[in-house]
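J.: Sequence first, then the predicted structure, then my questions.
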Amino acid sequence: MYRFSLAHGARSALGNTLFKSNVRLLSNYVKNSQIYIHDNKHDATTPYTFSLSKDPKALPIGYSKVSQNVTPETFVPNPQFLEVAQSVIKDKVHEDFSFIMEAGMNASTFMPIYDFREIPRYARIPEMENVFGYIQVDDSGKMIPGGYESNNLYRLCNGTSGLLKLSDFLYEEIQKECETRGKA
């Protein structure tokens, strides 16, 4: 299901009237409502930009030649996005309720901070390509701020589940940072 919205200043149309060229269509990625798809008409090889924001100026996740059913072969990741995501995770994951709860069951370990596109079953370790990184958990089951190490094998797009999916908390935090970077 697509959700469309009009760019600021676009005129409304009646019935089947075509919109003027100043209209930009916005849709969500079918497999993940956190991701917005923007037209990237400046590049014929990757005409779609994927973002965590409705704002087309926000730092994008990456680009693709297809708008749906994105695969590693059709997706070009934005390395700046991954740097921002890893930085936000490092600084904020210890505030994420989803991982706070999990840390309670992982005392004295390096706990994986994983992508929610494929949540591992109880007591299972997620696939390496779905792990953003690992955070040290102390003896009492609390994440240690500053104890995060990123995983260089993480992939923004994998062959089985498509593009990344974040916990609600990390989604909001990374989205804010991407929008801030887009204004700079």
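T.: Thanks, I have the structure now.
J.: How about residue 132, nearest residue that isn't a chain neighbour?
T.: Spatial nearest neighbour of residue 132, excluding adjacent residues (C-beta to C-beta, 6 or more residues apart in numbering): residue 113 at 4.8 Å. From N, CA and C alone the C-beta is placed, and that goes for glycine too.
J.: Hmm, that neighbour is touching residue 98, no?
T.: No: using C-beta atoms under 8 Å, residue 113 is not in contact with residue 98, being 9.6 Å away.
J.: Pick out whichever of those two has more residues nearby.
T.: Shown here are residue 113 and residue 98; by other C-beta atoms under 10 Å, residue 113 has more neighbours (27 against 17).
J.: residues contacting the more buried one?
T.: The neighbours of residue 113, taking C-beta atoms under 8 Å, 6 or more residues apart in numbering as the test, are 89, 93, 99, 131-135, 148.
J.: mind checking pLDDT for it?
T.: Looking at residue 113, its pLDDT stands at 98.
J.: One more: residue 57?
T.: 95.
J.: if I pick it, what's in contact with it?
T.: With C-beta under 8 Å, 6+ apart as the criterion, the residues that contact residue 57 are 179, 182-183.
J.: most surrounded residue in those?
T.: Greatest neighbour count in the contacts of residue 57, by other C-beta under 10 Å, goes to residue 179: 17 neighbours.
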